[in-house]
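Colleague: I need the structure of the sequence given here:
(one chain, ligands or ions: 1)
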Amino acid sequence: MTTSSIGSDAAVPQAVGAAAASVWGDETTIAAAAVALASRRISKPSDPKTTARPASELLADAGQTVTPEGLGADEALRIFEDVFAPATRAQDDPMNLAYVPAAPTRAALAFDAVVSSYNIFAGTWESGAGAVFAENQALAWLVELLSWPKTAGGCFVAGGTTGNLSALVTARQFARNQLGRHPVGQWRLACTPQAHSSVLAAASVLDAEVVVVPENEQGQMTGEALRATLMKSRDVFAVVASAGTTNAGVIDDLAGVANICERFGAWFHVDGAYGGAALAAPSVRNLFNGIERADSFIVDPHKWLFATYDCCALLYRQPELARAAHAQKAGYLDAIDREVWNPWDYGVHLTRRARGLPFWFSLATHGTNRYAAAIEQTLATARAVAQGIQAIPQLSLLAEPTLSVVLFERPGWDDLAYRRWSRRLALEGRILCIPTLWRGRTALRLAFVNPATEADRVLEVLAETTQDPDPS
Ligand SMILES: Cc1ncc(COP(=O)(O)O)c(C=O)c1O
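Modeller: Numbering: from 1, shown residues only. Alright, predicted model coming up:
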């Protein structure tokens, strides 16, 4: 029978080792204090009033924290908890409805701390097999949602920006191999003006020209518009479709786009960084029809799949094409087994943390049914808010939400009024709702990803605070 050593004095210092202790001292209490802070934070509700402050104020309150002698953990932790952390926004607050907020489960938050404690090198199978296996099971769930073959796969990268870039690097390499040469002029990729800015950034990195496909009335790319564009502009190596635009949550006509990509031999990439999560929601799954024919896809679990930053799932229908584009070669890498799954082969990266593990843990803990229910709940909240806005006399709904983005306006307000209202309510910690531009006019935008957000509370704040014709 073995006796547990938990709680015994000998357990931690021996594990850390005498050599390390001689350099850093005994870090046992430092680790315990930091873990205790993480634990406090995870179990506490977020504070919606936390916000950015000028650097001069932070310096005045924190002082110079990096010093030759070191401050000691107690003081460094105190400064972080009292000064630095409150100068960051609570992304997971249920009334934070700006940009695309976050809503990690407590399980994901806690497991992120666990992942850090293991410091796994998850670039290769050799160094991170267990972690990579678990990540791949989470990716396999997404592959199933996409109705892709089981042979599909990829890896987790930092965010949608790196995900889109990595997919397009693969697409370009594939096109280069097909063409056997550089095209006449520049490489070209096609998307609508609603594509995320990271697609334009990727085009710029790739020195590719962006061919603009005009969107339809609903803000979608259609097969017909894509066909007309590609007839005029040959040599487009990739088409980027949106499965949930950031501004309005619009999903392109993916089936129509797939038809045209096949006809013109263009790579079909789907950016589902925000909206891809809704693949798990039966009530809207049909809107994604055609996605089963895409060549690559991204979704950010840190957005609407209840994971922590920073986490983008990047998937390829034919992962070997990604390996051909991304695998790095060097004498000191020759010993690496290339027959196993090495995540560094699938994106623009080499070293990587096992950033998919908090997502995996949350998914493994709660199960995919609960994930589907949580996403359905946010969709229902968005629909209820959209409906409720129509009953508030001074507000006007601009479009029925496709997914969980709600766009509305307060007729009579100008840009300044919108900005003042938004800023005042943010400072009061009542709601974070940022104006946007929609069809050339200023509008208010709410993005729902948090199942804890209550429609009634949102509507109450909106109804009460938008009455005044001058919100300053
Ligand atoms: C549709 C879409 N694509 C890409 C991105 C970029 O993702 P990230 O910020 O994770 O790099 C975003 C971010 O909001 C997005 O909404």
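
Colleague: Sort out which residues of stretch 433-452 are buried, please.
Modeller: Buried residues in stretch 433-452, counted by 16 or more other Cβ atoms under 10 Å: 433-436, 438, 442-451. From N, CA and C alone the C-beta is placed, and that goes for glycine too.

Colleague: Helices of the stretch 151-300 of the chain, start to end?
Modeller: Under the criterion DSSP state H, counting those that start in this stretch, the stretch 151-300 of the chain contains helices at 160-179, 197-205, 223-232, 254-264.

Colleague: Get me the contact residues on the stretch 301-450 of the chain for the ligand.
Modeller: Contacts of the stretch 301-450 of the chain with the ligand, taken as Cβ under 6 Å from any ligand atom, map to C312.

Colleague: Could you list the domains of this structure?
Modeller: Listed by automatic domain parsing, the domain ranges of the chain are 111-368, 370-465.

Colleague: In this protein, which residue is most central in space?
Modeller: D300 (3.2 Å; Cα atoms, centre = their mean).

Colleague: Ramachandran coordinates for that residue?
Modeller: In terms of degrees, to the nearest 10, the main-chain angles of D300 are phi -100, psi 100.

Colleague: give the contact list for it.
Modeller: Counting by Cβ atoms under 8 Å, 6 or more residues apart in numbering, D300 makes contact with 159-160, 163, 273-274, 276, 311-313.

Colleague: Count the residues that sit near A32.
Modeller: 12 (other Cβ atoms under 10 Å).

Colleague: would you put the C-alpha positions of the one helix or strand it maps to in CSV?
Modeller: Element membership for A32 (DSSP states H and E) is helix 28-43. C-alpha atoms of helix 28-43 as CSV (Å, rounded to 0.1, in the frame of the first residue of the first chain):
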residue,chain,number,x,y,z
THR,A,28,7.2,26.7,-3.1
THR,A,29,5.4,29.5,-1.4
ILE,A,30,5.7,31.6,-4.5
ALA,A,31,4.0,28.9,-6.6
ALA,A,32,1.3,28.4,-3.9
ALA,A,33,0.5,32.2,-3.8
ALA,A,34,0.3,32.4,-7.6
VAL,A,35,-1.9,29.4,-7.8
ALA,A,36,-4.1,30.7,-5.0
LEU,A,37,-4.6,34.0,-7.0
ALA,A,38,-5.6,32.0,-10.1
SER,A,39,-8.0,30.0,-8.0
ARG,A,40,-9.5,33.2,-6.5
ARG,A,41,-9.9,34.7,-9.9
ILE,A,42,-11.5,31.6,-11.4
SER,A,43,-14.2,31.4,-8.7
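
Colleague: Can you classify the nearest residue to I434 once chain neighbours are set aside as helix, strand or coil?
Modeller: Spatial nearest neighbour of I434, chain neighbours left out: A98 (4.3 Å); criterion: Cβ to Cβ, 6 or more residues apart in numbering. Put simply, A98 is coil when judged by DSSP: H, G, I helix; E, B strand; the rest coil.
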